[in-house]
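Novice: sequence unavailable; structure follows:
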């Protein structure tokens, strides 16, 4: 009983009532009785019996009033305290369930006061934990799936080579090399994702032009653009548009957007890189022609291992991590990402806070 908050709150009411009754009792004995005696003397009435009867009557009714008030106070306090403590008791039980891995239960919020706000915050925490657990399970499953395909292929060919079922040839070794590279790329992507998740703590920000990023990236993609006959258009307005960010990490983010655009742009398609200032933000968008992404899939493009078209992405060698890396890097800079797709055009963009002051050295970057 000592450890139950309910009884502690109820027992706090009792001293208040007892002190109140005691004060009234003493006040009647010392003040009201004296006034009564004076009235009796003034009107020449024998005071002894009347005084005794007065005191006894007042004491009796005072005791009944004390019992009634204490009963009512305890009853109302019990009901109110029970109502207040119900969400806290639920949170205690649900905390144990969360600790055991059950993320489905929620607190019943019945008020809008501080306890109700605590219940809402608790439910939001449970929602976040449930999403994180689902993401963890999905990530483990996706990684296992991504690793299984190349490993199964490697195992099959190695067994075939060992049993002389498959003859060693340049084509066979080239295929084995490709499967090995797929594993290497997946591990590299996971490593980049881990670095992106911790990017906020290791940002080395400076101001530079957006065009500087693009100029450094274009040579890396030039051959692939030529092979697919993709038309590239760069639109940066104004040309001196600058951002305050970690150059290497933002370069990685834009590289992933370009990689995504080149991969899914059909032959003789078009890719447009746009940069512009919008109020207090800088918006960079990579737009490409190609298959329209379903509206239901757009909110999940930046989730790890998500594919709008799983088979196509796997054939192209993508693991669905590139855009997740972009999201982590951009959010580490205090920005946000988004995607739009309609009428055969897909736009994937991010916005960053605009530099407070434009340095004079930007023109040299």
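Specialist: All right, it came through fine. This one's a predicted model, so the numbers in the text were calculated from it and none came from an experiment.
Novice: who does whichever strand or helix holds residue 22 touch, helix- and strand-wise?
Specialist: Using DSSP states H and E, residue 22 sits in helix 13-27. Under the contact criterion of 3 or more C-beta pairs under 8 Å, 6 or more residues apart in numbering; DSSP states H and E, helix 13-27 touches helix 47-99. Yep, even glycine has a C-beta here, placed from its N, CA and C like the rest.
Novice: tell me which helix or strand comes right after the helix it packs on.
Specialist: Taking DSSP H and E, what comes next after helix 47-99 is helix 114-162.
Novice: return the distance of that following helix from the chain's centre.
Specialist: 17 Å (C-alpha atoms, centre = their mean, to the nearest Å).
Novice: over to stretch 282-292?
Specialist: Worked out by C-alpha atoms, centre = their mean, stretch 282-292 lies 26 Å from the chain centre.
Novice: what residues does that stretch touch?
Specialist: For stretch 282-292, contacts defined as C-beta atoms under 8 Å, 6 or more residues apart in numbering pick out 210, 241-243, 254, 257-258, 260-262, 264-266, 269-277, 309, 341-354.
Novice: pLDDT (mean, whole number) over the helix holding residue 22?
Specialist: Helix 13-27 shows a mean pLDDT of 71.
Novice: outside of it, which residues touch it?
Specialist: 59, 62, 65-66, 69-70, 73-74, 77.
Novice: which is the next helix or strand following the helix or strand of the chain with the lowest mean pLDDT?
Specialist: Lowest on mean pLDDT, DSSP states H and E among the helices and strands of the chain sits helix 310-315, with a mean of 46. Counting by DSSP H and E, the next helix or strand C-terminal to helix 310-315 is helix 322-332.
Novice: per the record, what domains does the chain have?
Specialist: 5-102, 134-194, 204-364 (automatic domain parsing).
Novice: please name the nearest non-neighbouring residue to residue 225.
Specialist: residue 232 (5.7 Å; C-beta to C-beta, 6 or more residues apart in numbering).
Novice: and the one you found, how far is that from residue 269?
Specialist: According to C-beta to C-beta, to the nearest Å, residue 232 and residue 269 sit 10 Å apart.
Novice: need the residue closest to the centroid of the protein.
Specialist: Nearest to the geometric centre of the chain sits residue 128, at 5.7 Å (C-alpha atoms, centre = their mean).
Novice: contacts only, for it.
Specialist: Residue 128 neighbours (C-beta under 8 Å, 6+ apart): none.
Novice: on that earlier part again, gap between the helix holding residue 22 and the chain center?
Specialist: For helix 13-27, the distance to the chain centre is 52 Å (C-alpha atoms, centre = their mean).
Novice: cool, stretch 213-225 as well?
Specialist: Its chain's C-alpha centre and that of stretch 213-225 lie 35 Å apart, by C-alpha atoms, centre = their mean.
Novice: okay, now residue 162: neighbour count?
Specialist: 9 (other C-beta atoms under 10 Å).
Novice: residue 112 too?
Specialist: With neighbours defined by other C-beta under 10 Å, the count for residue 112 comes to 9.
Novice: again with the one 5 residues further on
Specialist: The local packing count at residue 117 equals 12, with neighbours defined by other C-beta under 10 Å.
Novice: ok, residue 292 next?
Specialist: The tally of other residues near residue 292 (other C-beta under 10 Å) stands at 13.
Novice: now do it against residue 171, distance only.
Specialist: Distance from residue 292 to residue 171, counting by C-beta to C-beta: 37 Å.
Novice: before we move on, what about residue 335?
Specialist: From residue 335 to residue 171 the distance is 46 Å (C-beta to C-beta).
Novice: ok, residue 135 next?
Specialist: 40 Å.
Novice: and residue 84, by the same measure?
Specialist: 75 Å.
Novice: any idea what residue 283 is bridged to?
Specialist: residue 276, residue 351 (DSSP bridges).
Novice: what's the pLDDT at it?
Specialist: So residue 283 comes in at 92 (pLDDT).
Novice: residue 244 now?
Specialist: 90.
Novice: number of residues surrounding it?
Specialist: When neighbours are defined as other C-beta under 10 Å, residue 244 has 19 of them.
Novice: got a list of what the nearest residue to it once chain neighbours are set aside touches?
Specialist: For residue 244, ignoring the flanking residues on the chain, the nearest one in space by C-beta to C-beta, 6+ apart is residue 355 at 4.2 Å. By C-beta under 8 Å, 6+ apart, the residues touching residue 355 are 207, 242-244.
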